[in-house]
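Colleague: what would the 3D arrangement of this be:
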Amino acid sequence: MKALHWKREHSSLVLGVLIAGVLLGVWQAGPLAAARQVARAPAGLHLSRYQAAGGLAPAGQAGPAALAPPAAGPPADPTRVVGPPTLSAALIDDILAEYGSPAQGQGATFYQMGLKYGIDPAFALGFYVYESHCGTQGVARFTRGIGNIRWTPGFASYAGYRAYPTYAAGIEDWFKLIRELYVDSWGLHTVAEIVPRYAPPADNNDPPTYVATVESLVAAWRARCTAC
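Modeller: The predicted model follows:
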């Protein structure tokens, strides 16, 4: 009887071991295995291709923050005369040479006066072209002025216009006039605001044509200035 009882217990133990083995195999290889692997995944592992801030996305991929362009303000008014130079000194010299200007070689002066007075020298050059074809026409051939500024006490005079001992002096006087009188005193900042006071219709000027010409010239020159 004892032997029979021992055999029954032995058979039950073997059967229990077999059942436990089957269940363990199901745990290792069945659907529960995936959940078990996730539970064991190391902290920080991303299951998608998105990378948290500071991480590197896989090649060809980027997180939302990496794709967003930097914030930018509204574009500046391209006809506003106040601003840093948008033409290089070298390009200004090239343009003066193209017009056969007697002020050739003064590109650095235009540029430096632009920095000194905070007026983009592209506009000074535009006024010079419109007023005298860069010093090749009218009284500018004799005054060394770039803007045909009417004479006032304290300046030499030629035919009712300010005359200067050098082209550098004439260039600086234009920048000084525009900055201190038109911009700072009168609050005029764009070509369209300045020209009607600078060249009024009462003096047989055509302000709309003047404005359009200067704006067009400046835009064309800026397009050429790839190194500016």
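Colleague: quick check: next helix or strand after the one helix or strand in the chain whose mean pLDDT sits lowest?
Modeller: None of the helices or strands of the chain scores lower by mean pLDDT, DSSP states H and E than helix 64-67, at a mean of 34. Per DSSP states H and E, the first helix or strand lying C-terminal to helix 64-67 is helix 89-98.
Colleague: got the contact list for that following helix?
Modeller: Under the contact criterion Cβ atoms under 8 Å, 6 or more residues apart in numbering, helix 89-98 has outside partners 87, 103-108, 110-111, 121, 125, 134, 221, 224-225, 228. All C-beta atoms are positioned from the backbone trio N, CA, C, and that covers glycine.
Colleague: could you redo the last one with a cut-off of 7 Å?
Modeller: 103-108, 110-111, 121, 125, 134, 221, 224-225 (Cβ atoms under 7 Å, 6 or more residues apart in numbering).
Colleague: next: stretch 102-118.
Modeller: So stretch 102-118 is contacted by 82, 85, 89-90, 92-93, 96-97, 120-121, 124-125, 134-135, 167-168, 171-172, 175-176, 179 (Cβ under 7 Å, 6+ apart).
Colleague: list only those of those residues flagged as buried.
Modeller: Buried members of these, counted by 16 or more other Cβ atoms under 10 Å: 82, 85, 89, 92-93, 96, 120-121, 124-125, 134-135, 167-168, 171-172, 175, 179.
Colleague: is it correct that Arg162 falls within a helix?
Modeller: No - counting by DSSP: H, G, I helix; E, B strand; the rest coil, Arg162 falls outside a helix, being strand.
Colleague: start the count at 17 instead of 1 going forward.
Modeller: New numbering, starting at 17: the last item is Arg178.
Colleague: so how many other residues sit close to it?
Modeller: Neighbour count of Arg178, defined by other Cβ atoms under 10 Å: 24.
Colleague: partner residues bridging it?
Modeller: With DSSP bridges as the criterion, Arg178 is bridged to Ser173.
Colleague: how much space separates it from Gly123?
Modeller: To Gly123, Arg178 is 22 Å away according to Cβ to Cβ, to the nearest Å.
Colleague: wait, doesn't Ala175 sit right on Ala156?
Modeller: No - taking contacts as Cβ atoms under 7 Å, Ala175 lies outside contact range of Ala156: 10.6 Å.
Colleague: more crowded one of the two?
Modeller: Neighbour count, other Cβ under 10 Å: between Ala175 and Ala156, Ala156 has more, with 25 against 11.
Colleague: and that one, what pLDDT?
Modeller: Ala156 carries a pLDDT value of 98.
Colleague: what do you get for Cys241?
Modeller: 82.
Colleague: and it, how far from Ala106?
Modeller: 9 Å.
Colleague: among the contacts of helix 105-114, name the buried ones.
Modeller: Using 16+ other Cβ under 10 Å, the buried ones in the contacts of helix 105-114 are 119-120, 122-123, 126-127, 137, 141, 150, 237.
Colleague: what is the nearest of these to Trp167?
Modeller: Ala119 (20.1 Å; Cβ to Cβ).
Colleague: the helices in this protein, which residues?
Modeller: 18-45, 48-55, 80-83, 105-114, 123-133, 137-148, 156-159, 183-193, 207-214, 223-240 (DSSP state H).
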